[in-house]
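Asker: how would this look folded up:
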Amino acid sequence: MATMTTAPLPATDTVTDPLALLDVDHVKFFVGNAKQAAFFYAYTFGFTIEQLADLTTGSRDRARYLLTQGNIRIVLETPLSKDDPAAEELRCHGDGVKDIAFTVEDAQAAWQQAVANGGISAYEPITISDNDGSVTTAGIKTYGRAVHSFVSRTGAYSIDRVKKGGLLEPNFKHIEGLSINDYNAKHPCGLMFLDHCVGNVTEGRMDYWVEWYECVLGFAMFKHFDDADISTEHSALMSKVMASGNNLIKFPINEPAEGKKKSQIQEYLEWHDMTAGVQHLAFRTNDCVESVAELRRRGVDFLRIPDEYYEQVWSRVDQCLKEHGLEEVREDHERIRDLGILIDADDQGYLLQLFTKPLQDRPTLFFEVIGRRGSQSFGKGNFKALFESLELEQERRGNL
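Answerer: Numbering: from 1, shown residues only. All right, here's what the predicted structure looks like:
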């Protein structure tokens, strides 16, 4: 039988930085129906429906499904009562990312340090334990609806055990016998881990949140893009990319910039109750071409890239790689074009990327698939083509 402790634990002494991130523990989505959402993400994106916690396991307040692929762990969570605050959040914002959780050595110490650095507590340390081990979590608020939880694990619930199929927490159980899991094992989509997580904030708040990540979590600025970099004839945005101290994860933060028409950031905000939140998750793959091919076969709805893009991209990419003495693009050019994949290069190499259309009926959250061949950037050379494709979709939705 699992037990839960909600009172703060005694202060602990640590010899390392309590905010040193060991891993992305999981990403939590609030969704209207976790059971149905689990099958959507399993069928379309190849995730394994691995574990659940619901009424049958003693979870009386919420149902949770753990989906895994590579080192990606997504928890889909649904409130079981209309009085649950998550129910009101779903009404206002729809399905979306609630929590980007980090594995740390000591969740309480990390939470204490973040709060001491100026962070606002989302919830105090909670420990759930049984005879096999324990999981301690504590959270701080970040932009809008989003939260960062700190997670520390012991015994059977250590992150190493979880990566090998161990239970995420007490009260979870494994799911057996699903044919979709067998199918996905035989037809992998190749998504390996979370590359970056993009947040949309309201106009004028980007620099505030940049400073917040610097001061509260010890992140540093990695890249900066202004409206001269990310703009079209109609719309623009500004973005600053924050990275954890060990570059484990990067957080681009976007805000709308003035344009003739409505930017994709403004569209997101208006359909998200004018509340900041996670715009998209980027999943890394070792073979972007094969991953996109499999995802397209499954019916994933990607943005359409105009044919004119490919009339210029190769000369730009080849010239950049040659100038820096880097290897040429190894993937088949025609297949990249046929699959509608974007490609860009910098002084470290090249990358392949493609973006889905919104995953729900509200035009908010979407996914990115990215493959890196040296490049650690975000496809600056693709911004114009990407935004023009986004604007075509906005126009179809009547939101441009």
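Asker: so which helix or strand takes in Val115?
Answerer: helix 107-116 (DSSP states H and E).
Asker: quick one: whichever helix or strand comes after that helix to chain centroid distance?
Answerer: Under the assignment DSSP H and E, the closest C-terminal helix or strand after helix 107-116 is strand 121-130. Centre-to-centre, strand 121-130 and its host chain are 23 Å apart (C-alpha atoms, centre = their mean, to the nearest Å).
Asker: With stretch 373-386 instead?
Answerer: 18 Å.
Asker: Could I have the CA atoms of that stretch written out in PDB?
Answerer: Provided in PDB are the C-alpha atoms of stretch 373-386 (Å, rounded to 0.1, in the frame of the first residue of the first chain):
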ATOM      1  CA  ARG A 373      23.600  16.400 -38.000                       C
ATOM      2  CA  GLY A 374      25.900  18.700 -35.900                       C
ATOM      3  CA  SER A 375      23.700  21.800 -36.000                       C
ATOM      4  CA  GLN A 376      22.500  22.900 -32.500                       C
ATOM      5  CA  SER A 377      20.400  25.800 -33.900                       C
ATOM      6  CA  PHE A 378      16.700  25.900 -34.600                       C
ATOM      7  CA  GLY A 379      16.400  26.300 -38.400                       C
ATOM      8  CA  LYS A 380      16.800  30.100 -38.800                       C
ATOM      9  CA  GLY A 381      17.000  29.800 -42.500                       C
ATOM     10  CA  ASN A 382      13.600  28.100 -42.500                       C
ATOM     11  CA  PHE A 383      11.700  30.700 -40.500                       C
ATOM     12  CA  LYS A 384      10.300  32.600 -43.600                       C
ATOM     13  CA  ALA A 385       9.000  29.400 -45.300                       C
ATOM     14  CA  LEU A 386       7.700  28.100 -42.000                       C
END
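Asker: other SSEs contacting the helix holding Val115?
Answerer: Contact partners of helix 107-116 among helices and strands, from 3 or more C-beta pairs under 8 Å, 6 or more residues apart in numbering; DSSP states H and E: strand 121-130, strand 133-141, strand 147-155. In this view, the C-beta of every residue, glycine as well, is placed from N, C-alpha and C.
Asker: buried residues in that helix?
Answerer: Ala107, Gln108, Ala109, Ala110, Trp111, Gln112, Gln113, Ala114 (16 or more other C-beta atoms under 10 Å).
Asker: Identify, from these, the entry nearest to Arg297.
Answerer: Taking C-beta to C-beta as the measure, Arg297 lies nearest Ala107 of these, at 40.5 Å.
Asker: which residues sit in contact with the closest one?
Answerer: Pro125, Thr136, Thr137, Ala138, Ser149, Phe150, Val151, Ser152 (C-beta atoms under 8 Å, 6 or more residues apart in numbering).
Asker: export those residues to JSON lines and tack on distance to Leu295, neighbour count and pLDDT?
Answerer: Listed next are the contacts of Ala107 as JSON lines, based on distance: C-beta to C-beta, whole Å; neighbours: other C-beta atoms under 10 Å; pLDDT from 0 to 100:
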{"residue": "Pro125", "distance to Leu295": "39", "neighbour count": "23", "pLDDT": "98"}
{"residue": "Thr136", "distance to Leu295": "36", "neighbour count": "23", "pLDDT": "98"}
{"residue": "Thr137", "distance to Leu295": "32", "neighbour count": "22", "pLDDT": "98"}
{"residue": "Ala138", "distance to Leu295": "35", "neighbour count": "28", "pLDDT": "98"}
{"residue": "Ser149", "distance to Leu295": "29", "neighbour count": "24", "pLDDT": "98"}
{"residue": "Phe150", "distance to Leu295": "32", "neighbour count": "28", "pLDDT": "98"}
{"residue": "Val151", "distance to Leu295": "29", "neighbour count": "26", "pLDDT": "98"}
{"residue": "Ser152", "distance to Leu295": "34", "neighbour count": "26", "pLDDT": "98"}
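Asker: Understood, closing this out.
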